[in-house]
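Chemist: no FASTA, just this:
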C-alpha cells in the first residue's frame with residue numbers, strides 16, 4: 001500500500017467519514033474507502049467532535065480486515081501500527097477467530 005497524501009476534505013466527505021465511523025467502520029477501513037491516511041480520518045473525526053474508541057476498531061469490519069491482511073502476509077506489528085492498537089490486541093483477535101499464526105524467527 002502506498003502512502004496517501006493529505007488532502008482537503010469537503011463538508012460532505014467529512015459527514016460521510018463520521019457516518020461510516022458511527023456505523024462501526026474502523027478508521028483504517030474508512031481511510032481506504034476515502035483514499036486518505038488513517039491519521040487524517042482520525043483528525044477529521046476529532047475536528048467533527050466525534051469521540052473515538054480504539055477498542056471498536058476490531059469489531060465487525062475491522063476484525064475481518066485484520067484477518068484478511070494477516071492471511072495475506074502482513075505482520076502483526078504492521079497491523080497494530082496501521083490500526084493504532086497493540087500487537088496483543090491483534091494477536092487476541094486472530095486467536096479468537098482461530099487463525100493459524102505464522103511462526104516468526106527472532
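Modeler: Looks like it arrived, so ask away. Computed from a predicted model, the values in this text were never measured in an experiment.
Chemist: tell me which stretches of the chain form helices.
Modeler: Secondary structure of the chain by DSSP state H: the helices cover 11-22, 27-34, 38-47, 61-71, 76-83, 87-96.
Chemist: counting by contacts, list what the fifth one packs against.
Modeler: Judged by 3 or more C-beta pairs under 8 Å, 6 or more residues apart in numbering; DSSP states H and E, helix 76-83 is in contact with helix 27-34, helix 61-71, helix 87-96. For every residue, glycine as well, the C-beta is placed using N, CA and C.
Chemist: how far does that helix sit from its chain's centre?
Modeler: Offset of helix 76-83 from its chain centre (C-alpha atoms, centre = their mean, to the nearest Å): 9 Å.
Chemist: the residue nearest to the spatial centre of the chain - nearest residue in space that isn't next to it in sequence?
Modeler: Nearest to the geometric centre of the chain sits residue 28, at 2.9 Å (C-alpha atoms, centre = their mean). With sequence-adjacent residues excluded and distances taken as C-beta to C-beta, 6 or more residues apart in numbering, residue 28 is closest to residue 38, at 5.0 Å.
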